[in-house]
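with the input below, show me the fold.
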Amino acid sequence: MKYNYLHKKIPLLLLFFLASSVPVFAQLIYQPYSYQFYQKLNTEVYSPSTSLHTSLKPYFIGDSSSLRHSYDSLMNINGDGKGKSWIHRIFINQHLVDVKNKEYTFYFDYVTDIGLGREFTEGKTTNINTRAFQAGGTIGSKFFFYTSSYENQGVFANYETNYINTTHMIPGQAQDKTFIGQTTVKNSNDWAYSTALIGFEPSKSISLALGMDKTFIGDGYRSVLLSDYAASYPLFRLTADLGKNVRYMAMWAYLDDQSAVRFDINTSGADTRRKWAVFHYIDWNITKRASLGFFNALIAAETYDQGNRHGFDFNYINPVLFASSLGPSSTIADHTLLGFNGKYKVFDKTTVYGQLLFDQSTDNSVTRDAFQLGFRGSDLFKVNKLNYLFEFNTAAPYTYANQAPIVNYTQFTEPLAHPFGANFKEWLGILNYSIGKFDLQGQLDYARYGLNSAGINYGKDITLPDNTALPAGSGGTGQGLATSLKYAEGTVAYLLNPKFNLRIEIGGILREEKNSVNDTKTTLITFGLRSSFRNLYHDF
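Presented below is the predicted three-dimensional model:
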């Protein structure tokens, strides 16, 4: 069975499974991760009076969660709609279908993303046309489910078009059907994107989740450990609370690599090479103010380049952090990474956070690490709901890459951590302000990195083999074709229905990527009707 076919059928299969489940009682909420929505919870999430595990996202919000009151307030900002017409309630207050009783809950929404834009630098009209749905619910207090599916066509600004032409990916979503021969759409990109997740909580301290989704680890806007930038992937995730202050997560995932050497000549077989990924994360709340997280990841090729299958490695099921490989020796070694995540609540509404990652490469002659430091908070200048974040990120050349590209730290051809890949330094700041039904956000981003030049791999593109000999005098982060990126984005949105984040939104982007060879400028204005909870990244 083709992977693309299975990808589309996962939501229906999960719903069928849930429909046949035995009901118990009460409710649990799965809230898809969206920075735009999650930052509205900053006051509770980063308060010294709470001891939440903040770095592992998406959140599962139970009846007893300290976030439940704030979450319910955000979801009911427009009231309950009593006494209003059905059309008014659907557009302003409620889900399209919303069933609640003692045994189970279920909701369903038609989701849309329709917009037009103008890219003035090249005199180009952009557009987006998305038809989609989301559905979710609970069965008693033990089961939850969520699924969404998007069919899309769009025309993008110049720099995103260049990205798509290079990677054959719509940023953070899916393969462009134009490049894999599965579309008849003309003069437009065409792609499909789906998520689906079922969860089970056998007790208050253990949760299991199975499906197709993303996971984000960190307290910042970016993550150098594991982010939600790349396309969704099949996963099984176990989360367990070990006492009051320690949360353990283990996740097994099945990833794709569309650029790896293929050996399958069966047209009904897989479209891409596959690899297995195992992630462990332990989050320890040392006090209500301080926490420290321990992370590691292992990427293993499903098959070698010649087509024979990879041998079994105990680390694929190993629940212990930082264990070395116990599997058989092979021509493609497993790729392991380890890191740390920490935060400290300096003041009542201000938190300092950071991350450190070490890439355990087989080539010990090159230092491979990534680093993050930032601070965030709420009610800036004592203005209620004015949230802020300032952050620095950097990754040394060749971090996340490997001498065997099939085990690089990517999903398809997109990084599993920072969207820049490696060999970069980045400074960014984000301000969010909510007043009534209006949401305003502004972002500034400045980065410096080194691009490949004259056929030499300088370490930014982590899909390439990392064993290229460098010319004399090379070295350090930013090596290669010195490039600067300046990025500014602002959005103003008016919230119509909080249940599925339906909003009217106007936005603008100013971007310049400059080096001694090219100077790519973008001036873009967009306007549209947006909805759904997910992150769509344009800042790369």
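
when you work out contacts or count neighbours from here on, use the C-alpha atoms and nothing else.
Fine.

how is A488 assigned, secondary-structure-wise?
Of the three states, A488 takes strand according to DSSP: H, G, I helix; E, B strand; the rest coil.

residue contacts, it?
Counting by CA atoms under 8 Å, 6 or more residues apart in numbering, A488 touches G442, Q443, L444, D445, I509, L510, R511.

which residues touch the first one?
By CA under 8 Å, 6+ apart, the residues touching G442 are I430, L431, N432, A488, E489, G490, T491.

if you set the cut-off to 6 Å instead, what comes out?
By CA atoms under 6 Å, 6 or more residues apart in numbering, the residues touching G442 are I430, L431, E489, G490.

for the first one, name its beta-bridge partners.
Pointing back at I430 there. For I430, the beta-bridge partners are L389, Q443 (DSSP bridges).

that one touches L386, doesn't it?
No. Under the criterion of CA atoms under 6 Å, I430 is not in contact with L386, lying 10.6 Å apart.

where along the stretch 101-250 of the chain do the helices fall?
Ranges of helices in the stretch 101-250 of the chain, per DSSP state H, counting those that start in this stretch, are 158-167.

just checking, E103 touches G140?
Yes. Look at E103 against G140 with CA under 6 Å: they come within range, at 5.2 Å.

settle it for me: which of these two has more neighbours?
Taking E103 and G140 together and counting by other CA atoms under 10 Å, G140 has the greater number of neighbours (19 against 15).

who are the neighbours in contact with the residue nearest to S148 when sequence neighbours are not counted?
Using CA to CA, 6 or more residues apart in numbering and skipping the chain neighbours, the partner closest in space to S148 is Q134 (4.2 Å). Residues near Q134 by CA under 6 Å, 6+ apart: F108, D109, T147, S148.

looking at those, which is nearest I61?
Relative to I61, the closest of those is T147; by CA to CA it sits at 16.8 Å.

can you check the pLDDT for that closest one?
Here the pLDDT value assigned to T147 is 95.

which residues are common contacts for I430 and L386?
Going by CA under 6 Å, 6+ apart, no residue sits against I430 while also sitting against L386.

can you name the two of the contacts of Q134 that are farthest apart?
Maximum pairwise distance among the contacts of Q134 (CA to CA): 10.7 Å, between D109 and T147.

quick check on these two: which one has the bigger neighbour count.
Neighbour count, other CA under 10 Å: between D109 and T147, T147 has more, with 24 against 20.

and for the closest residue to N387 other than its chain neighbours, the neighbour number?
Nearest residue to N387 in three dimensions, chain neighbours excluded: S378, at 4.2 Å (CA to CA, 6+ apart). If you count neighbours by other CA under 10 Å, S378 ends up with 28.

from T351, how far off is S378?
Shown here: S378 relative to T351, a distance of 9 Å by CA to CA, to the nearest Å.

still on that earlier bit, now the residue nearest to N387: phi and psi?
Dihedral pair for S378: phi -130, psi 170, per degrees, to the nearest 10.

and it, what does it touch?
Contacts of S378 (CA under 6 Å, 6+ apart): K349, L386, N387.

repeat that for 10 Å
Contact analysis of S378 by CA atoms under 10 Å, 6 or more residues apart in numbering lists 39-44, 46-47, 348-351, 384-389, 431-433.

from G442, how far off is it?
From S378 to G442 the distance is 15 Å (CA to CA).

next: K84.
Counting by CA to CA, the gap from K84 to G442 is 35 Å.

do Y353 as well
21 Å.

how about the strands of the stretch 251-400 of the chain, start to end?
In the stretch 251-400 of the chain, the strands defined using DSSP state E, counting those that start in this stretch lie at 273-285, 290-301, 335-347, 350-360, 369-377, 386-395.

got any ranges where the stretch 351-500 of the chain has weak pLDDT?
361-366, 467-474 (pLDDT under 70).

coming back round to it: between the contacts of Q134, which is closest to D283?
Distance to D283 across those (CA to CA) is lowest for T147, with 27.4 Å.

identify the residue spatially nearest to the closest one, adjacent ones excluded.
Nearest non-adjacent residue to T147, counting by CA to CA, 6+ apart: A196, 4.0 Å away.

wait, the one you found touches A135, no?
Yes. Judged on CA atoms under 10 Å, A196 makes contact with A135 at a distance of 9.4 Å.

could you check which of the two has the larger neighbour count?
Higher neighbour count among A196 and A135: A196, with 28 against 21, using other CA under 10 Å.

please tell me how far that one sits from Y233.
10 Å.

kindly report the same for T183.
Distance from T183 to Y233, counting by CA to CA: 22 Å.

which of those two has more neighbours?
The neighbour comparison of T183 against Y233 (other CA under 10 Å) goes to Y233, with 21 against 13.

any idea what that one is bridged to?
Beta-bridge partners, per DSSP bridges, of Y233: D213.

lowest-confidence helix or strand of this protein?
Within the chain, no helix or strand scores below helix 3-19, which has a mean of 43 by mean pLDDT, DSSP states H and E.

okay, the contacts of G442 in JSON lines with neighbour count and distance to K124 next?
Listed next are the contacts of G442 as JSON lines, based on neighbours: other CA atoms under 10 Å; distance: CA to CA, whole Å:
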{"residue": "I430", "neighbour count": "19", "distance to K124": "28"}
{"residue": "L431", "neighbour count": "19", "distance to K124": "29"}
{"residue": "E489", "neighbour count": "19", "distance to K124": "18"}
{"residue": "G490", "neighbour count": "18", "distance to K124": "20"}
